[in-house]
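Undergrad: mind folding the following:
(one chain, ligands or ions: 2)
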Amino acid sequence: MNNSPLSNHVIFITGATSGFGKACAKLLASHGAKLILTGRRYERLEELQNELGADKTHIVELDVTQNDAVQKVIADLPAAFTHITVLINNAGLSLGMELAQNCSITDWSHVVDTNIKGILHCTHAILPIMVANNNGHIINIGSIAGSYPYPGGNVYGATKAFVKQFSLNLRADLFGTAIRVTNVEPGLAETEFSIVRFKGDMEKAKSLYAGTNPITAEDIAETVFWCLNRPAHININRIEVMPTCQAFGTFAIDRSN
Ligand code: NDP
Ligand code: 8X3
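TA: Ligands and ions are numbered 1, 2, ... in the order given. You can find the predicted model right below:
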């Protein structure tokens with residue numbers, strides 16, 4: 001008998017090529033899970049599969065903004081990976097940190113398509129499998145930006161507020177089933193997130209973390225594992241995680257009147 005806590009699990013991870021998704025893949029594989037690893041950068045998925053083992057992983061190039069592609073991934077799953085028990089809706093991004101009045105509508109649409117529609121596409125495709133088996137856990141990766149506003153957070157924060165409320169509403173709809181839903185809401189974490197947000201400006205991305213001791217991708221993977229590994233009668237609805245070096249500021253007051 002295999003005593004690894006996740007040995008009966010097939011876990012679908014979006015955005016497994018970097019950051020939280022990649023760290024989750026490594027940690028959850030070490031606890032015995034089989035993994036469906038997805039992302040747009042296929043060569044990174046191949047590297048991860050080489051590390052974790054081809055028998056334990058199924059890799060697929062997937063852009064979560066494309067609903068047809070998401071549906072095809074599910075329809076084409078190899079037999080050993082069809083019983084998905086966990087969906088980690090992790091793929092996401094922010095583009096720019098300009099004030100709303102200076103933002104590009106193309107960037108806003110891209111963020112909405114990824115952070116909102118991507119989660120909808122994957123959840124809609126995978127939920128029927130979980131319901132049919134009366135077994136499953138959806139972990140959404142939200143953000144503190146979904147609860148607390150800050151200048152430049154505009155559409156990114158709004159997409160994460162959507163993720164938070166969608167997670168809670170899923171719980172309402174899944175009442176009476178054994179399916180669990182959790183929104184993990186990290187604060188400042190050092191991954192490739194800021195490199196993407198600042199469009200490849202490494203200096204700007206690096207300076208955000210200067211002098212801080214931010215959350216690591218591995219910290220969030222541990223949080224995800226903890227949520228998954230609670231007993232079946234426990235559902236962690238939301239879990240907000242900040243580094244100790246981050247807290248709240250005062251309200252802004254315009255004194256020029
Ligand atoms: P990374 O940039 O390191 O990772 C983002 C992942 O998302 C990559 O694997 C990327 O893969 C994937 N991704 C982006 N767009 C798409 C797409 N259209 N289709 C499929 N995959 C996509 O950042 P993080 O690990 O930090 O981000 C993961 C999640 O955590 C995001 O939802 C983010 O909003 C959230 N978050 C991050 C925080 C932080 O401070 N870092 C804090 C709070 C939340 P690829 O490019 O290969 O497709
Ligand atoms: C990313 C965290 O605070 O940069 O979701 O918005 S923050």
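
Undergrad: what is the burial count for the closest residue to ligand 1 within the stretch 51-200 of the chain?
TA: Nearest to ligand 1 in the stretch 51-200 of the chain, going by CB to the nearest ligand atom, is Gly92, at a distance of 2.2 Å. Yep, even glycine has a C-beta here, placed from its N, CA and C like the rest. By the other CB atoms under 10 Å criterion, the neighbourhood of Gly92 contains 27 residues.

Undergrad: OK, contacts around it?
TA: Gly15, Thr114, Asn115, Gly118, Ile141, Thr159 (CB atoms under 8 Å, 6 or more residues apart in numbering).

Undergrad: mind redoing it with 6 Å?
TA: By CB atoms under 6 Å, 6 or more residues apart in numbering, Gly92 lies in contact with Thr114, Asn115.

Undergrad: so it versus Ile13, what's the distance?
TA: Distance, Gly92 to Ile13, using CB to CB, to the nearest Å: 12 Å.

Undergrad: pLDDT of the one helix or strand Leu48 maps to, averaged?
TA: For Leu48, the host element (DSSP states H and E) is helix 42-52. Here helix 42-52 scores 98 as its mean pLDDT.

Undergrad: hmm, the helix or strand immediately after that helix in the chain touching ligand 1?
TA: Going down the chain from helix 42-52, the next helix or strand is strand 57-61, by DSSP H and E. No. On the criterion CB under 6 Å from any ligand atom, strand 57-61 is out of touch with ligand 1, staying 8.5 Å away.

Undergrad: for the strand or helix carrying Leu28, name the packing helices and strands.
TA: Element membership for Leu28 (DSSP H and E) is helix 19-30. The contact analysis (3 or more CB pairs under 6 Å, 6 or more residues apart in numbering; DSSP states H and E) places helix 19-30 against strand 10-13, strand 34-39, helix 217-228.

Undergrad: okay, now the closest residue to Lys56 other than its chain neighbours: neighbour count?
TA: Once flanking residues are discounted, Lys56 sits nearest to Lys34: 5.4 Å by CB to CB, 6 or more residues apart in numbering. Other residues lying near Lys34 total 23 when counted by other CB under 10 Å.

Undergrad: what of the one 10 residues further on?
TA: Applying the criterion other CB under 10 Å, we find 16 residues in the vicinity of Arg44.

Undergrad: cool, Arg41 as well?
TA: Neighbour tally, Arg41, other CB under 10 Å: 13.

Undergrad: Phe251 now?
TA: Using other CB under 10 Å, Phe251 has 5 neighbouring residues.

Undergrad: does it count as helix, strand or coil?
TA: Three-state assignment for Phe251 (DSSP: H, G, I helix; E, B strand; the rest coil): coil.

Undergrad: part of a helix, is Val163?
TA: Yes. Assigned with three-state DSSP, Val163 falls within a helix.

Undergrad: and the closest residue to it other than its chain neighbours, what pLDDT?
TA: Of all residues not flanking Val163 in the chain, Gly142 sits nearest, at 4.4 Å (CB to CB, 6+ apart). The model reports Gly142 with a pLDDT of 99.

Undergrad: contact partners for Gly142?
TA: Lys160, Val163, Lys164, Asn183, Glu185.

Undergrad: generate a ChimeraX selection restricted to the buried subset of these.
TA: The following ChimeraX line selects those of those that are buried, judged by 16 or more other CB atoms under 10 Å:
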select :160,163,164,183,185
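
Undergrad: give the contact list for the residue nearest the centre of the chain.
TA: Centre of the chain computed as the mean C-alpha position; nearest residue by CA atoms, centre = their mean is Asn90, 1.6 Å away. With contacts defined as CB under 6 Å, 6+ apart, the neighbours of Asn90 are Thr14, Gly15, Phe20, Gly21, Ile141.
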